[in-house]
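Student: Pasted the sequence and its predicted model underneath.
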Amino acid sequence: MPASGSRSRLGARAVGVLLLVTGLALLGVGARDAAYATRLAGTPGTFRVLYADRAYGDGRSSGGFRTVWHGTFTSADGRVTDDDAVLRDESDGHRPAARIPVTRAGAGVYYTGRPNYALGWLTLGLAGGSLAATAFPLVRLGGASRRPGRPGPRWFGTGLRVAWGCVAVCAAAALLAAVAV
C-alpha cells in the first residue's frame, strides 16, 4: 500500500493535469478568437445590416432570446461577398443599413471587430495560460511550488503573479471598452 504522501502527490498531479488541459483549451480558444476579433486572421470586411431577427437559444447559451442580424458581407478588398450573411452579435444597438467592421472566419462565421471583444478574447487566452502555468508545479512537483521544507524556484511565484495580474488588467480594459462603446 502506498504511503499517504505519495497518494496526495498523485492526487495533486491529477488535479494539475485537469487544470493544465483546461488552461490549454482556454488558451487555444482565446488566442484563436482574439486573432479574429483583432482582424489579424480571417478576411476583414464590412457587414451591412439589412434586418434583425430574434432567435431563442442559438447555441451560445442555455436559453434566452438573442438578436441575430441578417445582411451582406463585403471584404475590404472587394473580392469576397456574402449576400446571406448572419451575424450573431450580442449588441442590440445596430440599425438597418449600419456598417459593422467584422472578420470572416469561414463560410457563415463572422467576428465583430471591436476593442472590447478583442480584449475579452485576450483575457480568456491569458486566463488559460495562467491556469496552465498554475498547474505546472502540481504536475511537475506533485504539489505547491513552495513548501516550508523544500522551497521552489523564486521566479515561478513572480511569474504567476505577473500572469494573473495581466489577466486582471486585460479584463478591466475589456470592461472599460464595453462601457465606452
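Tutor: Everything's here; your move.
Student: Need the pLDDT of residue 2.
Tutor: Per-residue confidence for residue 2 comes out at a pLDDT of 52.
Student: which regions of this structure sit below the pLDDT cut-off?
Tutor: 1-7, 56-65, 90-94, 143-157, 180-181 (pLDDT under 70).
Student: and the next element down the chain from the longest strand seen in it?
Tutor: Across the chain, the longest stretch assigned as strand under DSSP state E is strand 43-56. Beyond strand 43-56 in the direction of the C-terminus, DSSP states H and E gives the next helix or strand as strand 65-75.
Student: mind saving the C-alpha coords of that next one as CSV?
Tutor: Coordinates of each C-alpha in strand 65-75 appear next as CSV, following Å, rounded to 0.1, in the frame of the first residue of the first chain:
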residue,chain,number,x,y,z
PHE,A,65,-33.6,35.4,-26.8
ARG,A,66,-30.7,36.7,-28.9
THR,A,67,-30.6,39.2,-31.7
VAL,A,68,-29.5,37.8,-35.0
TRP,A,69,-28.5,40.3,-37.7
HIS,A,70,-29.1,39.5,-41.3
GLY,A,71,-27.2,41.4,-44.0
THR,A,72,-24.4,41.3,-46.6
PHE,A,73,-20.7,40.9,-46.1
THR,A,74,-18.1,42.5,-48.4
SER,A,75,-14.4,42.0,-47.8
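Student: what lines up beside it in the sheet?
Tutor: According to DSSP bridges, the neighbouring strands of strand 65-75, each with its direction, are strand 43-56 (antiparallel), strand 81-87 (antiparallel).
Student: picking that back up, identify each buried residue in the longest strand of the chain, please.
Tutor: By neighbour count with 16 or more other C-beta atoms under 10 Å, strand 43-56 contains the buried residues 43, 44, 45, 46, 47, 48, 49, 52. (Each C-beta comes from the backbone N, C-alpha and C, glycine too.)
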